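J.: Provided below are the primary sequence and the corresponding predicted coordinates.
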Amino acid sequence: MIDPLVILTHPLPQEWIVTLEGHVRLVVGTEGFPGVSPELLEYLPEAEGILSLLTARMDGRLLDLAPKLRVVSNMAVGVDNIDIPYCTVRGIPVGHTPSVLTDATADLTMAILLSAARRLPESARDAREGRWGIWSPTGWLGADLRGATLGIVGMGKIGRAVATRAYGFGLRLVYADPAQYPELDAAYSALRIPFDELLQTSDFVSLHCPLNESTRGLMDASALKMMKPSAILINAARGPVVDSVALVHALTEGWISAAALDVTDPEPLPATHPLFELENCLIVPHIGSATIGARRRMAEIACENLLAGLAGERLPHCFNPDCDDNKSGLPSR
Ligand code: DGY
């Protein structure tokens, strides 16, 4: 029997995907290409599986070209690059990689929160560039953490991991989420409050919600204006949750004091973007999960999901389990 054809949208280290060897025929896209590279299109009619990165848009138009497709496996916890309703209607399971990047992303969130609060990029640059005079009582003053309030928007796994870390720094915790987490409330004195109240009362606002139609542009001009002028916004979720144009106004006109961004809209953010010109905006290039262990486990889980889907088994981490109801579904739109 001939092995199923699988499209890997971007190259991955061989040792991360070793479990695929001998089970699939792999065609691999171009390193660094922002989406699905054009040379992959000719393979879509025969492809039975796709292993994608979060930068590869999987919309209905593209997936229509793959009538034999049985599984899409995303090497990410977020699946906003994939048309989930379309896959569900077609009975195609979509795999993702939750949990294994929780700690790495929560650590990075705290790193950029602290970095912005204590003005590390500015002070490190000043030291390097000869602006380190005698010890100055008023030089590079930053924000205090102990006793300040951290508002967490989206109390999923990553939001909760940030909460446990922040508690250790003496931050008071409030959160906005559709669900209540009584154990978290009890263990970390966290308080679930309405979103607007969170914005108005938090010294730090950290975003950890998924990107979907209700969170796109959540932090628009009116939301940013509700924040305290001394507050710092942290985004390690998805760029489009924050309106970039409004954020430039917020940071230049003093609606808020600073921002720390692991994700931006657009991504990558062009080097000429006004956000890069702002002293009070720290930007890192979507590195929340960029630890050796997390990235390797993400790739391994993506392979496990892919192989399960090809074998017709339930994916270990399936984002749309309701696709099973449509298994015999539509071959195409
Ligand atoms: C994800 O997995 O969705 C993250 O954004 C990758 O860091």
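T.: Yep, that arrived.

J.: Please make it C-alpha for all contacts and neighbour counts, starting now.
T.: Fine.

J.: Can you get me a residue count around the closest residue to residue 40 other than its chain neighbours?
T.: Nearest non-adjacent residue to residue 40, counting by Cα to Cα, 6 or more residues apart in numbering: residue 29, 6.3 Å away. For residue 29, the neighbour count with other Cα atoms under 10 Å is 20.

J.: In contact with residue 29: list those residues for me.
T.: Listed by Cα atoms under 8 Å, 6 or more residues apart in numbering, the contact set of residue 29 reads 7-11, 36-37, 39-40.

J.: Where does the protein get nearest to the ligand, residue-wise?
T.: Residue of the chain nearest the ligand, by Cα to the nearest ligand atom: residue 76 (3.1 Å).

J.: unless I'm mixing things up, that residue is touching residue 94, no?
T.: No - taking contacts as Cα atoms under 8 Å, residue 76 lies outside contact range of residue 94: 11.1 Å.

J.: What is the neighbour count of residue 187?
T.: For residue 187, the neighbour count with other Cα under 10 Å is 10.

J.: Which helix or strand contains it?
T.: Under the criterion of DSSP states H and E, residue 187 resides in helix 182-188.

J.: For residue 42, see how far away the closest residue to residue 172 other than its chain neighbours is.
T.: Among residues not flanking residue 172 along the chain, residue 149 sits closest, at 4.6 Å (Cα to Cα, 6+ apart). Separation of residue 149 from residue 42 (Cα to Cα, to the nearest Å): 53 Å.

J.: ditto for residue 282
T.: For residue 282 relative to residue 42 (Cα to Cα), the value is 41 Å.

J.: More neighbours: residue 76 and residue 94, which one.
T.: Neighbour comparison, residue 76 and residue 94: the larger count goes to residue 94, with 28 against 23 (by other Cα under 10 Å).

J.: these two touch, right, the more buried one and residue 73?
T.: Yes - Residue 94 is within contact range of residue 73, at 5.6 Å (criterion: Cα under 8 Å).

J.: Pull out the buried positions in stretch 214-234.
T.: 216-221, 223-229, 231-234 (16 or more other Cα atoms under 10 Å).

J.: Please read the previous query as pertaining to stretch 27-39.
T.: So for stretch 27-39, counting by 16+ other Cα under 10 Å, buried means 27-30, 34-37.

J.: mind checking the end-to-end distance for it?
T.: Length of stretch 27-39, first residue to last, Cα to Cα: 10 Å.

J.: same thing with stretch 223-238?
T.: Using Cα to Cα, the end-to-end distance of stretch 223-238 comes to 17 Å.

J.: coming back round to it: tell me if I am right that the residue of the chain closest to the ligand is in a helix.
T.: No - using DSSP: H, G, I helix; E, B strand; the rest coil, the assignment for residue 76 is coil, not a helix.

J.: contacting residues for residue 244?
T.: Counting by Cα under 8 Å, 6+ apart, residue 244 makes contact with 264-265.

J.: pLDDT value on it, please?
T.: Looking at residue 244, its pLDDT stands at 98.

J.: oh, and call the first residue 14 from now on, that's how I've got it
T.: I'll keep to 14 as the first residue from here, and by that count the last item is residue 257.

J.: anything in stretch 94-109 sitting right up against the ligand?
T.: No - Stretch 94-109 stays clear of the ligand (Cα under 6 Å from any ligand atom), getting no nearer than 7.9 Å.

J.: Dump that stretch to PDB, keeping only the CA atoms.
T.: The C-alpha coordinates for stretch 94-109 follow below in PDB (Å, rounded to 0.1, in the frame of the first residue of the first chain):
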ATOM      1  CA  ASN A  94      -5.400  30.500  10.600                       C
ATOM      2  CA  ILE A  95      -7.800  27.700   9.800                       C
ATOM      3  CA  ASP A  96     -11.500  27.900   8.700                       C
ATOM      4  CA  ILE A  97     -12.800  25.600  11.400                       C
ATOM      5  CA  PRO A  98     -16.500  25.600  10.500                       C
ATOM      6  CA  TYR A  99     -15.500  24.600   7.000                       C
ATOM      7  CA  CYS A 100     -13.300  21.700   8.200                       C
ATOM      8  CA  THR A 101     -16.100  20.600  10.600                       C
ATOM      9  CA  VAL A 102     -18.700  20.600   7.900                       C
ATOM     10  CA  ARG A 103     -16.400  18.500   5.800                       C
ATOM     11  CA  GLY A 104     -15.700  16.100   8.700                       C
ATOM     12  CA  ILE A 105     -12.000  17.000   8.700                       C
ATOM     13  CA  PRO A 106     -10.500  17.000  12.300                       C
ATOM     14  CA  VAL A 107      -8.200  19.900  13.100                       C
ATOM     15  CA  GLY A 108      -5.400  19.100  15.500                       C
ATOM     16  CA  HIS A 109      -3.600  21.600  17.700                       C
END
